[in-house]
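Colleague: Build me a structure from this.
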Amino acid sequence: MRLSTKGRYAVTAMVDLARYNVGSPIALAEIATRQEISLSYLEQLFGKLRRAGLVNSVRGPGGGYLLAHPKEQIRISDIILAVDEPIRATRCKLGSPSGCRTDKGRCITHDLWEELGNHIHLFLNSVSLADVCEERVLGMSGRVYQETIAGDDRRPVADVVKLKQA
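Modeller: As a prediction, the model looks like this:
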């Protein structure tokens with residue numbers, strides 16, 4: 001499964017907004033510069049985020065965007081769904097009784113990919129914007145990376161993982 005740039009950029013921009021939010025609106029140009037994302041692309045995404053009720057816009061000098069809710073209440077899945085990014089791993093149309101094959105049947109691995117999509121949605125729904133901002137989403141890859149950097153261990157990550165499991 002692939003998450004398009006729409007979903008990734010929307011989450012990145014919202015994390016930036018949450019991190020730099022000190023009660024005053026943040027201009028999209030600041031986020032665009034910090035995150036190296038096109039300003040016009042951010043404008044499109046923030047229009048969708050505003051319509052979904054995740055951000056509020058403030059016009060005029062000193063204007064910009066604010067989170068519409070505390071960062072603890074905004075789920076990553078909400079952000080992705082707000083920018084019309086489907087969370088699914090099958091080629092089949094969501095909710096359709098017919099499958100993706102030319103005979104309208106489902107492929108033999110349909111249930112596998114459907115369950116993967118469900119797990120991804122459940123995971124993204126369990127992570128808040130605050131979790132990402134406060135770096136509470138470190139799984140094994142993050143731990144191995146941090147320990148490797150902290151210990152100045154120059155072995156390939158796969159070797160470090162094997163050592164950790166032993």
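Colleague: which residues of this structure score low on pLDDT?
Modeller: Flagging of the chain using pLDDT under 70 yields the residue ranges 1-2, 85-101, 104, 139-166.
Colleague: what about 50?
Modeller: Scanning the chain for pLDDT under 50 picks out the ranges 154-164, 166.
Colleague: can you map out the helices along it?
Modeller: Remark: helices of the chain, listed N- to C-terminal, are 5-20, 28-35, 39-51, 76-82, 110-126, 129-133, 140-150, 157-165; assignment by DSSP state H.
Colleague: Mean neighbour count, the ones you listed: which tops it?
Modeller: Between those, the one whose residues have the most neighbours on average, counting mean count of other C-beta atoms under 10 Å, is helix 76-82 (a mean of 22). No exception for glycine: its C-beta is placed from N, CA and C like everyone else's.
Colleague: what's it packed up against?
Modeller: Judged by 3 or more C-beta pairs under 8 Å, 6 or more residues apart in numbering; DSSP states H and E, helix 76-82 is in contact with helix 5-20, helix 39-51, helix 110-126, helix 129-133.
Colleague: Domain map for the protein?
Modeller: Dividing the chain into domains by automatic domain parsing, as the record does, gives the ranges 5-133, 138-166.
Colleague: Of all the helices and strands packed on helix 76-82, which one is nearest Gly63?
Modeller: Proximity to Gly63, assessed across these by C-beta to C-beta, is greatest for helix 39-51 (12.2 Å).
Colleague: Give me the contact list for the closest one.
Modeller: The contact list for helix 39-51 (C-beta atoms under 8 Å, 6 or more residues apart in numbering) reads 6, 9-10, 13-14, 28-29, 31-32, 55-57, 65, 79, 82-84.
Colleague: okay, which residue of this protein is out on the far edge from center?
Modeller: Going by C-alpha atoms, centre = their mean, the residue of the chain most distant from its centre is Asp103, 34.8 Å out.
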